[in-house]
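Enquirer: Please work out how this folds:
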Amino acid sequence: MILIVDMSFKKGSLSFCEFVLPIVSVIKNERSLVKHRSELSIEDLNSCDRVILSGTGLKDDEFLKQVEDFHWTRNLDKPLLGICAGMEVIGLVFGSSLFDCLEVGMRDLRLVRKNALFSSDLRAYELHSHGVQVSAEFDVLAESESCVQAIKHKEKSIYGVLFHPEVRNPEVIERFASLPKKQLE
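Expert: Just a heads-up that it's a prediction; the model follows:
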């Protein structure tokens, strides 16, 4: 089962329809459980095989006030994919920092390192106001002219993408959802 964490400022917000439901739609062949970040429990984390942290609206930075609520990601032994806000949280938990980097619309992304989720340059949809200054714990997988767009933890099956694959590159989510855990390492 895949746990999808709604990162929006409150449960039931419009962001749920924009950022969470498209992920559910992409992984329709896999069992999933959706939980708002405020309702996430240890039982939810224990019952899943993988975790996806969703994106949020452009001005929704509420999750940044509760980064400590995501320190469980440091000890997670399951594949984790952070999308946009999810990548920002993962970065912060692992010692990265954020900087202003507004990108809205389609962008060309340059592959820096081949990986399990994609193996070539991408044209992707962007909707974010922060970039991640990546800590030494991560490899950079892709970048735009302005900032890092995809990362992977050097030792864990933890990925982050700043772009929105649920909008334009669903195969990224499909691969995360379906590849054997060993291939995501």
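
Enquirer: Now do the same contact list for the spatially most central residue of the chain.
Expert: Centroid check for the chain by Cα atoms, centre = their mean gives Gly82 as the closest residue, at 1.5 Å. With contacts defined as Cβ atoms under 8 Å, 6 or more residues apart in numbering, Gly82 is in contact with Ile52, Leu53, Glu88, Val89, Ile90, Ile158, Tyr159, Gly160, Val161. Where C-beta positions appear, they are placed from N, C-alpha and C, glycine not excepted.

Enquirer: before we move on, what SS does the fifth one have?
Expert: Ile90 carries the three-state label helix when classified by DSSP: H, G, I helix; E, B strand; the rest coil.

Enquirer: secondary structure element for the residue nearest to it when sequence neighbours are not counted?
Expert: The shortest distance from Ile90 to any non-neighbouring residue, by Cβ to Cβ, 6 or more residues apart in numbering, is to Gly82 (4.3 Å). If you go by DSSP states H and E, Gly82 is part of strand 80-83.

Enquirer: roughly how far is that strand from the heart of the chain?
Expert: With Cα atoms, centre = their mean, to the nearest Å as the basis, strand 80-83 stands 3 Å off its chain's centre.

Enquirer: And for the helix or strand of the chain with the lowest mean pLDDT, what's in contact with it?
Expert: None of the helices or strands of the chain scores lower by mean pLDDT, DSSP states H and E than helix 14-15, at a mean of 74. For helix 14-15, the external contacting residues (Cβ under 8 Å, 6+ apart) are Asp6, Met7, Ser8, Phe9, Ser54, Thr56, Gly57, Asp60.

Enquirer: And those, which is closest to Ala116?
Expert: Nearest to Ala116 among the contacts of helix 14-15: Ser54, at 20.2 Å, using Cβ to Cβ.

Enquirer: Report all helices and strands that the longest strand along the chain contacts.
Expert: What stands out as the longest strand in the chain, according to DSSP state E, is strand 97-111. Applying 3 or more Cβ pairs under 8 Å, 6 or more residues apart in numbering; DSSP states H and E, we find strand 97-111 packed against helix 85-93, strand 122-133, strand 138-143, strand 148-153.

Enquirer: That one to strand 138-143, inter-axis angle?
Expert: Strand 97-111 and strand 138-143 are oriented at 60 degrees to each other (axes from the mean of the first three to the mean of the last three Cα atoms, to 10 degrees).
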